[in-house]
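> I'd like to go over a predicted model; first the sequence, then the structure.
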Amino acid sequence: MITLATNKGGASFTIVGGADKNRFSLNGDELTFKATFFNSRRNNPAYRVKIKATRMDSNSRLLETEKILVVTVLEGLYIITTDVSAPENKNKVITLAVNKKIPAVTSITLDFEIVRGLDANKFTLVGNKLTFEAPAFNDRTDATYRVKIKATFAETFGFKPKTETAEKILTVTIINPNTNDDSSDDEETTSEEGGADSVVEEFTNVKVIAQAVRKENKFASKALLSKVGKTLMGRLSYIRHQNQQKSSFSTNGFVNGIQVSFADSQTNSFINRVLSANGLSNVIPTSSRKVERWDTWTSAQVVIGRNNGAGTNKTEFNLRSLNIGMDRRIAQDKTIGFALGLGKQDRTATGIDFSGDVDTKQYTLSSYGALELSSKGSIEAVLGVAKATHKVGKSNTPSADQGSNGFFASIAYRADLQAQSVDLSPFIRYDISRIKMKANDVLTNSETATDEAIALGIDISKTGNYEEGQLTRFVSVEYKSDLRRDGSDYLSKNAEQEVSVKLGLNYQKDDTTTSINYERIQSTNNKAHSYGIEGAVRWKF
């Protein structure tokens, strides 16, 4: 961020030109430059913008001046050591190096360390010599081993010590002994001159991080879409239960129509016998079809939890969601509604490829509806579109911010049963979502991820009077299977099949419902799992 100033105060500033003006933004006197990858313009890393300053003098004359500001992107530190191959059952020594030379002075130091990795226990490090203890080729299905290395370049000379760090994941692949490949030496060396190869390596490392960020962004959007879908499905269930309570009046001595009777019991009995003999009734029926007014409602939710991937990937998150909707009955057995939603999710990821903060803001426009097939079952559906922005708080790729858009839909059949005052609601549901991640400076192509899943589950609840309202205790169990089976799409959670259990309480008083619940989702095909505590408030207005 650059603070603009003139030799005389009171000036206002505007961006009026410059070859790279699209990389700058201006808010008052604060000029912000959107940093970019050094090698995207290695031969010309200087970015220019023309600024115009204006002010009124004491005689109400307009004074103007313009200036071209230049921001030069400096080359950062990066590890230039490449991925290698190694024969089985032998030690492989890899020489670590960076793109910067160390002059023959004692004030500059370069240190390497192993920070993490799925296979970090297979590596040892002394100075800049990384040793890989190669196992047998058939030791496991995947013959590729990974370790994350951190380089620290420190300059302690002068009044302002300077420290740069860089991280990279190195990969060692065990050579298949049946290929007779003897091209691998016991020691792998890397040129410290950098050059064209080092440019490729730096870009590759940055791209790996950007792809990991994109995965985290996609998962954030998917989680927000899922929350909207379940909120709207919950609204449909609420409407259905309310209507069932209303319709129960007609089965307890109430009639749909106008009943004709006489004060004299003998006359009344005679008229009823005559009407009955002719197949008639003393009730004048009224139309059962009722066009109701639109009901408006609001739901606010907060979820705090954690995702744990199959490996060392994990993410802590907090999700906030606000939905405003309106719906109505368009017939005795049909409901339709529309909703606007705003969701925010802040995620702190810790992974092999990326560690940092990703903040997502997503807007949704949805429609939802239900068709009641009988008093014991209904079909529910949700359809919506979404638009999101993703901001990276901490990353080695400052240009990794992205936008996305997509759609989502769910259709479910739900039954309503009761056993000893306990409500049972088994269901089957199909979900689909399609998220398109837009291109950015590092990932120059957009990417689309489509998810399909089928879910089977049951909601169990028991409601009783409490204070001046109703208290509902509920348990939800759901088994969900990913039809696409694309486990590489997301960083923090790779599950082909999962089981979720939710325990909670609802308290309803008048038109306001307060809810709190705990949910755990466990993958059945690996150790990935997530859990969270949710608080929600829903009200009509």
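Thanks, I have the structure now. Note that this is a predicted model, so its numbers are computed, not measured. Residues are numbered from 1 along each chain as shown.
> verify the stated contact: residue 383 with residue 365.
No: with contact defined as C-beta atoms under 8 Å, residue 383 does not count as touching residue 365 (9.8 Å). (C-beta placed from N, C-alpha, C; glycine too.)
> the host helix or strand of residue 452 pairs with which strands, parallel or anti?
Applying DSSP states H and E as the criterion places residue 452 in strand 447-466. Take DSSP bridges as the rule and strand 447-466 pairs in its sheet with strand 422-437 (antiparallel), strand 469-482 (antiparallel).
> TSV for those, including distance to residue 225 and mean pLDDT?
As requested, the strands paired with strand 447-466 are exported to TSV (distance: least, C-beta to C-beta, whole Å; pLDDT from 0 to 100):
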stretch	distance to residue 225	mean pLDDT
strand 422-437	5	93
strand 469-482	14	93
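> just those: most buried one?
Of all the strands paired with strand 447-466, strand 422-437 carries the top mean neighbour count, a mean of 18, counting by mean count of other C-beta atoms under 10 Å.
> mind checking the SS state of the spatially most central residue of the chain?
The centre of the chain sits closest to residue 220, judged by C-alpha atoms, centre = their mean, with a distance of 0.4 Å. Taken by DSSP: H, G, I helix; E, B strand; the rest coil, the conformation at residue 220 corresponds to helix.
> show the model's pLDDT score for it.
Here the pLDDT value assigned to residue 220 is 88.
> from what I can see it touches residue 361, true?
No: using C-beta under 8 Å, residue 220 makes no contact with residue 361, being 9.7 Å away.
> who touches both of the two?
Taking C-beta atoms under 8 Å, 6 or more residues apart in numbering as the criterion, residue 220 and residue 361 both touch residue 388.
> please enumerate the helices of the stretch 301-450 of the chain.
Assigned by DSSP state H, counting those that start in this stretch, the stretch 301-450 of the chain shows no helices.
> low-confidence stretches in it?
Applying pLDDT under 70 to the stretch 301-450 of the chain flags residues 310-312, 351-353, 394-400.
> same check, this time on the stretch 151-300 of the chain
For the stretch 151-300 of the chain, the stretches flagged by pLDDT under 70 are 156-161, 179-207, 244-265, 279-292.
> let's see 80
For the stretch 151-300 of the chain, the stretches with pLDDT under 80 are 155-162, 176-212, 241-292.
> for residue 416, what are phi and psi?
With angles defined as degrees, to the nearest 10, residue 416 sits at phi -120, psi 110.
> and it, what does it touch?
Here residue 416 is in contact with 240, 244, 375, 376, 377, 378, 423, 424, 425 (C-beta under 8 Å, 6+ apart).
> against which helices or strands is the helix or strand where residue 299 lies packed?
Taking DSSP H and E as the definition, residue 299 sits inside strand 295-308. Contacts defined by 3 or more C-beta pairs under 8 Å, 6 or more residues apart in numbering; DSSP states H and E place strand 295-308 against helix 195-247, strand 314-331, strand 529-540.
> residue 271: which element?
helix 265-277.
> follow-up on the earlier one: closest one to residue 325 among the strands paired with strand 447-466?
With C-beta to C-beta as the criterion, residue 325 lies closest to strand 422-437 of the strands paired with strand 447-466, at 19.5 Å.
> CA atoms only for the closest one, dumped as CSV, please.
Output of strand 422-437 as CSV, limited to C-alpha atoms (Å, rounded to 0.1, in the frame of the first residue of the first chain):
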residue,chain,number,x,y,z
VAL,A,422,-41.6,-40.0,18.7
ASP,A,423,-41.5,-38.5,15.1
LEU,A,424,-39.6,-40.5,12.6
SER,A,425,-38.7,-39.1,9.2
PRO,A,426,-36.7,-41.4,6.9
PHE,A,427,-35.5,-39.8,3.6
ILE,A,428,-33.6,-40.4,0.4
ARG,A,429,-31.9,-37.4,-1.3
TYR,A,430,-30.0,-36.6,-4.4
ASP,A,431,-27.6,-33.7,-4.4
ILE,A,432,-25.7,-32.0,-7.3
SER,A,433,-23.5,-28.9,-7.4
ARG,A,434,-21.3,-27.4,-10.0
ILE,A,435,-18.7,-24.8,-9.1
LYS,A,436,-16.6,-23.0,-11.6
MET,A,437,-13.4,-21.4,-10.3
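> let the chain start at 5 from now.
Done: numbering now begins at 5, and the last item shifts to strand 426-441.
> distance between that strand and the chain's centre?
Relative to the centre of its chain, strand 426-441 is centred 17 Å away, using C-alpha atoms, centre = their mean, to the nearest Å.
> what about residue 394, how many residues nearby?
When neighbours are defined as other C-beta atoms under 10 Å, residue 394 has 26 of them.
> that one against residue 409, yeah?
No: Residue 394 lies out of contact with residue 409 (C-beta under 8 Å); the separation is 11.7 Å.
> hang on, isn't residue 122 packed against residue 150?
Yes: using C-beta under 8 Å, residue 122 is in contact with residue 150, at 5.7 Å.
> neighbour count winner among the two?
When residue 122 and residue 150 are compared for neighbours, residue 150 comes out ahead with 20 against 17, by other C-beta under 10 Å.
> circling back to that earlier point, out of the strands paired with strand 451-470, which gets nearest to residue 325?
Here strand 426-441 is closest among the strands paired with strand 451-470 (C-beta to C-beta), at 15.8 Å.
> who does the residue nearest to residue 474 when sequence neighbours are not counted form a beta bridge with?
Leaving out its chain neighbours, the residue that sits closest to residue 474 by C-beta to C-beta, 6 or more residues apart in numbering is residue 512, at 5.0 Å. Beta-bridge pairing for residue 512 (DSSP bridges): residue 474, residue 517.
> where does residue 512 land on pLDDT?
We have a pLDDT of 91 for residue 512.
> for it, give its distance to residue 480.
Counting by C-beta to C-beta, to the nearest Å, the gap from residue 512 to residue 480 is 17 Å.
> which residues touch the residue with the largest distance to the centre of the chain?
Here the chain reaches farthest from its C-alpha mean at residue 270, the gap being 73.6 Å by C-alpha atoms, centre = their mean. By C-beta under 8 Å, 6+ apart, the contact list for residue 270 is empty.
> please consider this matter closed, and thank you.
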